[in-house]
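Asks: pasting the sequence and the predicted coordinates here, then a few questions.
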Amino acid sequence: MTVRITPATLRDLSYIAANLRPEDRTEIDCQFDEWSPALLALTALQGFAYVAELNGNPEAGFGAAEQRGGLWIAWSWGTRRMRRCVPGITAFFRAVLGPEVAARGAFRVEARALATNELALRWLARLGATQRCRLPGYGRNGEDFLLYDWTRESWNHVPLPKAAGAEAVATGTDHCRQGCAGARSSPSG
C-alpha cells in the first residue's frame, strides 16, 4: 500500500466527504446545521489543504486554516480506509504542515474533536496537541467536544529555522509554498 500526500482538490475532498467513516460523519453532522460533501470540501479549501491517497484513491483530507492573525484551526476527516493513511499524514504534519503554519506566523493552532471520537482524541495526543478543556454542549444537539491546541511554545517538533524550506516536501507546491489550496494570507516576497 502506497500513501501519497498531495495538495487537495475540490474533486478529491468532495469524494472523501461523500464517503466519510462513521466517526467523522457523526462529528461533522453535529457541527453544521446543514452540510453537503461539496460544501464541506469548499470549506476545507480555505487554507492549507491536503489529501492522503492510498494506492491512488483519495482517502483522507486534512489541513489548517487561519481564523485571524496568528490563530489557526487544524482539521481532518476521511473514509474508512483513512486509518491506513494516518502514519503518512502524521509524518507530513510534522515535516510540512506544522512548519508551513509556523512560517505564516501562527502562535496557536486549535483542533476540536467530539468527546466520544476516541480515534481522533488518540491521534491528537500522538500529534503532540495539548488537551485544554471540555466544551460542553458545543455540538448542534448538545454534544460535548474537547479542545486541543499547539502553541508556539509547545511546538517542540517544529524546526522554525527550517520552516521556510520545508514546504518543498509537499508534492506540487507552488512558488508561494501554498500548494493548490493556498492560504488566505498573502505571501511575503
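Replies: Here it is on my side, so go on. Residues are numbered from 1 along each chain as shown.
Asks: check contacts around Asn19.
Replies: Thr79, Arg80 (CB atoms under 8 Å, 6 or more residues apart in numbering). Heads up, the C-betas are built off the backbone N, CA and C, glycines and all.
Asks: tell me the confidence at it?
Replies: At Asn19, the pLDDT value in this model is 98.
Asks: what about Ile28, helix or strand, and which?
Replies: In this assignment (DSSP states H and E), Ile28 forms part of helix 22-29.
Asks: for that helix, name the packing helices and strands.
Replies: strand 71-78, strand 108-114, helix 118-126 (3 or more CB pairs under 8 Å, 6 or more residues apart in numbering; DSSP states H and E).
Asks: so which of those gets nearest Arg11?
Replies: Ranking the helices and strands packed on helix 22-29 by proximity to Arg11 (CB to CB) places strand 71-78 first, at 15.5 Å.
Asks: which neighbours in the sheet does that closest one have, and how are they oriented?
Replies: strand 57-68 (antiparallel), strand 108-114 (parallel) (DSSP bridges).
Asks: any chance of these in TSV, plus mean neighbour count, distance to Glu27 and mean pLDDT?
Replies: Shown next, in TSV, are these (neighbours: other CB atoms under 10 Å; distance: least, CB to CB, whole Å; pLDDT from 0 to 100):
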stretch	mean neighbour count	distance to Glu27	mean pLDDT
strand 57-68	22	13	97
strand 108-114	21	4	97
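Asks: let me have the ones you listed in CSV, adding distance to Gly139 as columns.
Replies: Formatted as CSV, these follow (distance: least, CB to CB, whole Å):
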stretch, distance to Gly139
strand 57-68, 19
strand 108-114, 7
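Asks: for the chain, just list every one of the strands.
Replies: For the chain, the strands defined by DSSP state E occupy 3-7, 48-54, 57-68, 71-78, 108-114, 130-135, 145-151.
Asks: including distance to Arg84, could those strands go into CSV?
Replies: Below are the strands of the chain laid out as CSV (distance: least, CB to CB, whole Å):
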stretch, distance to Arg84
strand 3-7, 7
strand 48-54, 6
strand 57-68, 7
strand 71-78, 10
strand 108-114, 20
strand 130-135, 26
strand 145-151, 23
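Asks: quick one: Gly88 from Phe107, how far?
Replies: According to CB to CB, to the nearest Å, Gly88 stands 27 Å off from Phe107.
Asks: more neighbours: those two, which one.
Replies: Gly88 (18 against 14; other CB atoms under 10 Å).
Asks: wait, that one touches Ile5, no?
Replies: Yes - between Gly88 and Ile5 there is a contact under CB atoms under 8 Å: 6.2 Å.
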